[in-house]
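Engineer: Quick one: sequence and predicted model below, then my questions.
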Amino acid sequence: DGGITQSPKYLFRKEGQNVTLSCEQNLNHDAMYWYRQDPGQGLRLIYYSQIVNDFQKGDIAEGYSVSREKKESFPLTVTSAQKNPTAFYLCASSMPGQGSGELFFGEGSRLTVL
Amino acid sequence: EDKVVQSPLSLVVHEGDTVTLNCSYEVTNFRSLLWYKQEKKAPTFLFMLTSSGIEKKSGRLSSILDKKELFSILNITATQTGDSAVYLCAVKVKTGANNLFFGTGTRLTVIP
């Protein structure tokens, strides 16, 4: 079945370490997104990519990096520069211009910094 | 600045009750408003609304948009424990690549 797969589902890291969250989709969607979700706050956009080899910063890109070398994959690296990285991270994809263009979400990755 | 505000932030009801969740917005170049349900992890799509006054319905859930007053409501009738979730409202604008703005969500808890 088509969908978005995020891994790992849970991740612990020590302060000062970089960590990479994986996001893979087989929906043939052009656009992919990374959101961060904190308690009491809406989803906030970290980075997005509308096409392979191109991506833009969202509202809270500082301390994060991404790449988009393949259409199916959009990994997110949480660097040691991110001051408050403990959060729930959601990856999404969409096909702009088709249907309602709604986002399809992965199951999320919960990162805890010890 | 574009913004989406949902209310209430949380709500606890008994099974069988009817609930109304609110979403108001202030954006430029409105295109559509979307509702999502997030039970544990991945938000799932419920409705997309683009026109005022036209109710979208799916089972016990329904939603309507008022583009003049800039808000939408999501109604759930005869609530069940399976309706317990965070309900997210998002507004899509016409311009810009980063064109989807989310509210904080309403956490609904339905108790038996």
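Structural biologist: That came through, no problem. Note that this is a predicted model, so its numbers are computed, not measured.

Engineer: Now the spatially most central residue of chain A: closest residue in space that isn't a chain neighbour?
Structural biologist: Compute the mean C-alpha point of chain A, and by CA atoms, centre = their mean the closest residue is residue A:34, 2.8 Å away. Sequence neighbours aside, residue A:46 is the residue nearest to residue A:34 in space, at 4.3 Å (criterion: CB to CB, 6 or more residues apart in numbering or on different chains). Glycine gets a C-beta too; all of them are placed from N, C-alpha and C.

Engineer: burial measure for residue 57, as a count.
Structural biologist: Unless you meant another one, I'm taking chain A. If you count neighbours by other CB atoms under 10 Å in any protein chain shown, residue A:57 ends up with 14.

Engineer: Can you look at chain B instead?
Structural biologist: Tallying neighbours of residue B:57 according to other CB under 10 Å, which is how burial is gauged here, yields 11.

Engineer: and whichever strand or helix holds it, does that touch chain A?
Structural biologist: Of the helices and strands defined by DSSP states H and E, residue B:57 is found in strand B:56-58. No: with CB under 8 Å from any CB of the partner chain as the criterion, chain A is not reached by strand B:56-58; the gap is at least 11.0 Å.

Engineer: what's that strand packed up against?
Structural biologist: Here strand B:56-58 is seen to pack against strand B:44-49, strand B:61-66 when contacts are counted using 3 or more CB pairs under 8 Å, 6 or more residues apart in numbering or on different chains; DSSP states H and E.

Engineer: Please render those strands as CSV that adds distance to residue B:1 to the earlier fields.
Structural biologist: Conversion of the helices and strands packed on strand B:56-58 to CSV gives the following (distance: least, CB to CB, whole Å):
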stretch, distance to residue B:1
strand B:44-49, 22
strand B:61-66, 21
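
Engineer: for the ones you listed, which one sits closest to residue A:108?
Structural biologist: Distance to residue A:108, taken as CB to CB, is lowest for strand B:44-49 among those, at 12.5 Å.

Engineer: Paired strands for that closest one, with orientation please.
Structural biologist: Each strand pairing with strand B:44-49, determined using DSSP bridges, is listed with its direction: strand B:30-38 (antiparallel).

Engineer: can you give me the angle the partner strand makes with strand B:61-66?
Structural biologist: Orientation of strand B:30-38 against strand B:61-66 (axes from the mean of the first three to the mean of the last three CA atoms, to 10 degrees) gives an angle of 160 degrees.
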